[in-house]
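J.: The amino acid sequence is not available; the structure is as follows:
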């Protein structure tokens, strides 16, 4: 019996994928999103926030206080996860829950001054994350990617 050596590891994760995946636009969009999200979370970890929590802070600061349900719908975060994220933000003193004036069953999520400051610091980190993540693209390619992604955000048929 001859001893077989282990196969060489692939040169990159991309090489490890079958053609039906590595050439599928939707899979590559998903994977790029996951990589970017992971990088953002890693870079935000030292300040104790996640990318989703920065999204929550951004919405309630830049738009208006809103309900947990509205936040979940906008960010596509399920109800249970949203409660956990907001509980953590509340413990850190970044948001408060206030009874909705027109719906006694709902709470409005409102930012605190500390939450506004945390969001400012987080956005600086996310700006650096974007710079690093998009570094393989030149400025024209980055602008084109942004324009194409915005097109894909429109509902089908428009």
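T.: Ah, there it is. It should be emphasised that the depicted structure is a prediction, and the values quoted were computed from it without experimental measurement.
J.: Am I right that residue 59 sits in a helix?
T.: Yes. Checked against DSSP: H, G, I helix; E, B strand; the rest coil, residue 59 lies within a helix.
J.: Near residue 38, how many residues? Count them for me, please.
T.: 11 (other C-beta atoms under 10 Å). Yep, even glycine has a C-beta here, placed from its N, CA and C like the rest.
J.: Can you give me the distance of residue 57 to residue 122?
T.: Distance, residue 57 to residue 122, using C-beta to C-beta, to the nearest Å: 7 Å.
J.: shared neighbours of those two, anything?
T.: Taking C-beta atoms under 8 Å, 6 or more residues apart in numbering as the contact rule, residue 57 and residue 122 both touch residue 49.
J.: The lengthiest strand in the chain pairs with which strands, and in what direction?
T.: The longest strand of the chain (DSSP state E) is strand 103-111. Pairing partners of strand 103-111, with direction, according to DSSP bridges: strand 66-67 (antiparallel), strand 95-100 (antiparallel).
J.: and these, which is most packed in?
T.: Across these, the average number of neighbours (mean count of other C-beta atoms under 10 Å) peaks for strand 66-67, which reaches a mean of 18.
J.: Now do it: distance to the chain's middle.
T.: 19 Å (C-alpha atoms, centre = their mean, to the nearest Å).
J.: per-residue confidence averaged over that strand?
T.: Here strand 66-67 scores 92 as its mean pLDDT.
J.: moving C-terminal of it, what's the next helix or strand?
T.: Toward the C-terminus, strand 66-67 is succeeded by helix 68-75 as the next helix or strand (DSSP states H and E).
J.: Mind listing what's buried along that following helix?
T.: 68, 70, 71, 72, 75 (16 or more other C-beta atoms under 10 Å).
J.: Give me the buried stretch members for the helix or strand hosting residue 30, please.
T.: Assigned by DSSP H and E, residue 30 falls within helix 25-44. The neighbour-count criterion (16+ other C-beta under 10 Å) identifies 31, 36, 39, 40, 41, 43, 44 as the buried residues of helix 25-44.
J.: Which single one of those residues is nearest to residue 24?
T.: Nearest to residue 24 out of those is residue 31 (C-beta to C-beta; 9.8 Å).
J.: mind checking how far the closest one is from residue 153?
T.: On the measure of C-beta to C-beta, residue 31 and residue 153 end up 18 Å apart.
J.: can you check residue 23 too?
T.: Taking C-beta to C-beta, one finds residue 23 at 23 Å from residue 153.
J.: All set now, cheers.
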